[in-house]
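In: I would like the atomic coordinates for the input below:
(2 chains)
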There are 2 protein chains.
Amino acid sequence: MSKGLPKRSDDYSLWYNELVKRADLAENSAVRGCMVIKPYGYSIWEKMQAELDRMFKETGHSNAYFPLFIPKSFLSKEASHVAGFAKECAVVTHYRLKNAEDGSGIIVDPDAKLEEELIIRPTSETVIWSSYKNWIQSYRDLPLLINQWANVVRWEMRTRLFLRTTEFLWQEGHTAHATSKEAMDETIQMMNIYAQFAEEFMALPVVKGMKTANERFAGADETFCIEAMMQDGKALQAGTSHFLGQNFAKAFEVKFATKEGGLEYVWGTSWGVSTRLMGALIMAHSDDNGLVLPPKLAPFQVVIVPIYRGEAEMEAVSVKAREIMVELKKAGISVKYDDRDTQKPGWKFAEYELKGVPVRIAIGPRDLENDTIEIARRDNLTKEQFELKSLPISEKIASLLDEIQEGIYSKAFNFRSHMTTEVNSWDEFKDVLEGKGGFIFAHWDGTSETEEKIKELTKATIRCIPLFRKEESGSCVYSGKPSEGRVFFAKAY
Amino acid sequence: MSKGLPKRSDDYSLWYNELVKRADLAENSAVRGCMVIKPYGYSIWEKMQAELDRMFKETGHSNAYFPLFIPKSFLSKEASHVAGFAKECAVVTHYRLKNAEDGSGIIVDPDAKLEEELIIRPTSETVIWSSYKNWIQSYRDLPLLINQWANVVRWEMRTRLFLRTTEFLWQEGHTAHATSKEAMDETIQMMNIYAQFAEEFMALPVVKGMKTANERFAGADETFCIEAMMQDGKALQAGTSHFLGQNFAKAFEVKFATKEGGLEYVWGTSWGVSTRLMGALIMAHSDDNGLVLPPKLAPFQVVIVPIYRGEAEMEAVSVKAREIMVELKKAGISVKYDDRDTQKPGWKFAEYELKGVPVRIAIGPRDLENDTIEIARRDNLTKEQFELKSLPISEKIASLLDEIQEGIYSKAFNFRSHMTTEVNSWDEFKDVLEGKGGFIFAHWDGTSETEEKIKELTKATIRCIPLFRKEESGSCVYSGKPSEGRVFFAKAY
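Out: Have a look, this model is predicted:
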């Protein structure tokens, strides 16, 4: 019934790729590293966007749109920023094609060379702060709380659908503030919003924390993140929120007149989540039968499949099915009634299992006689015969959807708990990492040298320094030097 | 009170540019030809998007996302398509920057040259049909009804905010069908949806029609369009819907197995509207005081301005203002209460006039005494003293907003009627065009030669051949040759 999907235990990576393709979420395009997001996948992304957008607006942010192109000189203005992005920039050098004079076809017109090359935005701090310079004069213009939904390009050498693609879709918030404290509060607020979104809508428990200096965003003074645990024991960074200090204000000369009559550089933040969240969603919950979607993000929450032989049965079943559909829709539940006669019920069952539809309702002639329906849950693959008289169907399904949403979260939460190991020696560190995997919660001496050495030896990186960690002195799991507290290590996507 | 906005009658073009900037809709960016859409402008675009997206989904379309990049060889596959777009293509040739060895700064890394250049999509037919080749095998896979919201780039030499920019935002629908008739029905359906959107939401009357061969989309067999009339007597193409025939199916070898067991090329359509609609909206309704927004697209429909001296008055007025705000919001009306103490009421009045807020409510101490408020309409600049006891405020404002929406439409409709002239001689044609301007409804002999000659002599183009034109034989206004019916000529944006 799994339509030949590979098993997670056989080849997790192959399972993921095949699942993304077979569930009609996305596929590779003819352009290296770029994906096509197919309608079913895009509709999940739209639901993510809608919720995030609402959360951003509720916290006072407005959307705007800034250019795709960044002049090379802009990108170069913030030194560590350009150092971080230079190696993965797509560059526009010409603005016209023409017919080759030798008739060999269409070529780039050498006469249409740009004076200054344009970079396709890998992120928009530079082009946005160059606008902010004109928008901000006084403390009255602050805070400036702006977000944009956009595509960005980072020339990745090794790509994977949703997780790492050359072009991806994201939102990037860019805010400007009068004080360091206000900017820091904003940075932390947005990390919290991401965490709330991940847990409440994606049913994905996350660890909140700070990145080490090595893992910081290029141009930030501090990067906060949310980190999730995937089923293969690898961590996935699901969102980041950066405290930019005055770095971009200084690079673009953005100063404001203070209330007291002074002139100061503005404080900044930026924060983003991307279509990478789709990868996290898929990897965190799905199983060998296919996708498992939390009801709050499923393109449709319920599918109704009619069981029948011949037209008379089909008509009788359809009357009931449509009645139920209307009831559910009235209650705000999204439903698809699949009455196609080109496919058998068994085929449809497998199809919707693969596509992760949270609840499947089957209705056949015997159900009509008994006033029942069959209700199947995608998350735990259980079925029940439900008596329609026992409870209004909309109440039944609404509470079932809540139960599924919570069930998926709990399962992921328990898995992550199981996959988080407190470790106190280097041997144990290596054993856990190579055996069970997951998060290793261990002492670290706080130096980049140790962090890099551990990465070199094991491929594990420090995912984050947790926000509210126990004050606990100890000694570094690798160097034995004093440590001020434990951090999360893991291999990561 | 117009904050120094130029007058339409003095310099329409300058008036438009200044209005776009001063009303905080958009501004030019540091990148030639690219604009920054500011939050107030973007929020109007978001409302347009939401309504259009709903209309697309109600007619069975799903959203998806295809790559920004198009390999040069793809663009070249449909001959007339590449001919139409080659001159305005931004081309990516490299994928990396590096530090210059002489220390002069960041340069494009010559070692990171792409084997095949990538074009930034000017439109996505080619990259989408290359996917459709894999998605369509059988008649069961049809129709395929897909839309994408995206940015596109066309390297324009002369740009204007919203109307013609190098990068712009749009939606592009791309559908595939089993028969020519079905594809033609879809093409016309989408033109009708655009017309309905323009009239119902933008309050903008449009003419529906077909383009002449000269003005067709590059790669289409037929282009349908909606054309609107601006206040300076120029026409503006507001949306197009293309019947692609089998052109892209042939270019990309997209065939399907028919019900009858044959193998045939697929029929296609594509259709789009863009941020150009913002330009149309602004130009069609605004006046010398600033923007005039139809209530259905206004970021907020009502602004409440308190009038007071001293804190006690402010508090009393605020209680009433908030009461009204709550009432209005309950009724689904969007309201902003501007209680800033940094600006005077007169400044605020001018500001919201400039920004086109449909209804302004002012409340002062005398209003509290009399249980009244002052209600001002932006569209016709009238004011009234409203007795709060006479009618629930939400009913009053809801019906006022309807009245304003209709009023703006009627005004534009009457203007367009006035600006449409039936013309029967060449002298009259030239007189009307140079004098009053607007649409000239005249006979044309149906040849490209005459069309081009008229354009050369007068800069007027055939905006469209109206869909339901009177069967009326006549003689061409320029050549005197026989004509099968009248067409709309105009100078255009």
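
In: phi, psi of whichever residue of the stretch 101-250 of chain A sits closest to chain B?
Out: Here the stretch 101-250 of chain A gets closest to chain B at one residue, residue A:155, 4.2 Å apart by CB to the nearest CB. Backbone N, C-alpha and C define where each C-beta goes, glycine included. According to degrees, to the nearest 10, the main-chain angles of residue A:155 amount to phi -70, psi 90.

In: neighbours of it, just the number please.
Out: Applying other CB atoms under 10 Å in any protein chain shown, we find 23 residues neighbouring residue A:155.

In: helices or strands next to the top helix by length along chain A in the packing?
Out: Determined from DSSP state H, the single longest helix within chain A is helix A:393-418. Using 3 or more CB pairs under 8 Å, 6 or more residues apart in numbering or on different chains; DSSP states H and E, the elements in contact with helix A:393-418 are strand A:222-229, helix A:276-285, helix A:310-330, strand A:359-363, strand A:372-377.

In: So what's the gap between it and the chain middle?
Out: A distance of 20 Å separates the centroid of the chain from that of helix A:393-418, by CA atoms, centre = their mean, to the nearest Å.

In: out of the helices and strands packed on helix A:393-418, which comes closest to residue B:237?
Out: helix A:276-285 (36.5 Å; CB to CB).

In: Provide the strand pairings for the helix or strand just after the closest one, with the direction of each partner.
Out: Moving toward the C-terminus from helix A:276-285, the next helix or strand (DSSP states H and E) is strand A:302-306. Here strand A:302-306 has these sheet partners by DSSP bridges: strand A:335-337 (parallel), strand A:359-363 (parallel).

In: quick one on the thing from earlier: got the angle for the longest helix of chain A vs helix A:310-330?
Out: Orientation check (axes from the mean of the first three to the mean of the last three CA atoms, to 10 degrees): helix A:393-418 against helix A:310-330 gives 70 degrees.

In: and helix A:393-418, which residues are buried?
Out: A:393-394, A:396-398, A:400-401, A:404-405, A:407-409, A:411-413, A:415-416 (16 or more other CB atoms under 10 Å in any protein chain shown).

In: could you check the angle strand A:222-229 makes with it?
Out: 110 degrees.

In: mean confidence score for helix A:393-418?
Out: The pLDDT scores in helix A:393-418 average 98.

In: thinking again about what came up before, in JSON lines: the strands paired with strand A:302-306, plus mean neighbour count.
Out: Compiled in JSON lines, the strands paired with strand A:302-306 are given as follows (neighbours: other CB atoms under 10 Å in any protein chain shown):
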{"stretch": "strand A:335-337", "mean neighbour count": "18"}
{"stretch": "strand A:359-363", "mean neighbour count": "22"}
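
In: can I get the ones you listed in a markdown table with mean pLDDT?
Out: Output for the strands paired with strand A:302-306, formatted as a markdown table (pLDDT from 0 to 100):
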| stretch | mean pLDDT |
| --- | --- |
| strand A:335-337 | 97 |
| strand A:359-363 | 98 |
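
In: is it possible to export the ones you listed to TSV including distance to residue B:303?
Out: Formatted as TSV, the strands paired with strand A:302-306 follow (distance: least, CB to CB, whole Å):
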stretch	distance to residue B:303
strand A:335-337	41
strand A:359-363	45
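
In: between those, which one is nearest to residue A:462?
Out: strand A:359-363 (40.5 Å).

In: Contacts for the closest one, please.
Out: A:295, A:301-307, A:317, A:320-321, A:324, A:345, A:349, A:352-353, A:373-378, A:397, A:400-401, A:404 (CB atoms under 8 Å, 6 or more residues apart in numbering or on different chains).

In: With that, I have no additional questions.
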